[in-house]
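Visitor: Need coordinates for the following:
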Amino acid sequence: MTILLLAGSPSAPSRSTRLLHHVGEKLATLGHRYSRLDVRDLPGQALIRADFNDPAIKAALAQVEAASAVVVATPVYKAAYSGALKAFLDLLPQFGLTNKLVLPLATGGSQSHMLALDYALRPVLSSLGPRHVLPSIYATEAQVLWSEQDGLVLDAPIVARVQEGVDQLSSSLLALHKAAAEVFLDVPFSQVRCSV
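Guide: Numbering: from 1, shown residues only. Alright, predicted model coming up:
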């Protein structure tokens, strides 16, 4: 089971992408594998024109399809998630997140933008048919600091929210994996009965 870290920021470096990678590292310490997809790395013309024949777009859509869970990160601009992320989500099939777990992350200038996750992003993610959209994690710019010397420094409440989100995603993935494994149990040869 793999996790896709989907970065929706149009700029690099970005607070939301750094927070996303931090979540990925936390998941890796729990034994989960993940891959990364930065929407800003996709060809702009192909993204805007919804060119499904573009190799990079095909590869990106395949990454989403192959993932068991998607952690989506975006900056909040004008009370909405990024246009780059919207352009990519518009490329997904109608039920492009079917049976997947989704953890939304966002960063913004102030607490005033916090509701953008629940009123703008969550409905779009939910419409794509995921198994479950976990509680969102929102951080202000003041709560996600970066310096070359110290690296990423998160405010204490964000550290707690991130840990809670990581734990919830991890336990949900393990429960899915266990349920999938129980569907096909091995049967010892001595218990196989044949009739002729």
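Visitor: any chance you could map the strands in the protein?
Guide: 2-7, 33-38, 69-77, 80-81, 101-108, 132-133, 137-140, 144-147, 151-154 (DSSP state E).
Visitor: what's the distance between the lengthiest helix in the chain and the middle of its chain?
Guide: Secondary structure assigned by DSSP state H gives helix 156-183 as the longest helix of the chain. Between the centre of helix 156-183 and the centre of its chain there are 13 Å (CA atoms, centre = their mean, to the nearest Å).
Visitor: Same question for it: list its buried residues.
Guide: Judged by neighbour count (16 or more other CB atoms under 10 Å), helix 156-183 contains these buried residues: Ile158, Arg161, Val162, Gly165, Val166, Leu169, Ser170, Ser172, Leu173, Leu176. The C-beta positions use only the backbone N, C-alpha and C, and glycine is treated the same way.
Visitor: And stretch 54-65, by the same measure?
Guide: Asp54, Ile57, Ala60, Leu61, Gln63, Val64.
Visitor: again, but for stretch 110-127
Guide: By neighbour count with 16+ other CB under 10 Å, stretch 110-127 contains the buried residues His113, Met114, Ala116, Leu117, Ala120, Leu121, Arg122, Val124, Leu125.
Visitor: With respect to Gly8, which of these is nearest?
Guide: Nearest to Gly8 among the buried residues of stretch 110-127 is Leu121, at 9.1 Å by CB to CB.
Visitor: Next up, the contacts around that closest one.
Guide: Leu121 makes contacts with Val72, Thr74, Tyr81, Pro104, Ala106, Ser136, as judged by CB atoms under 8 Å, 6 or more residues apart in numbering.
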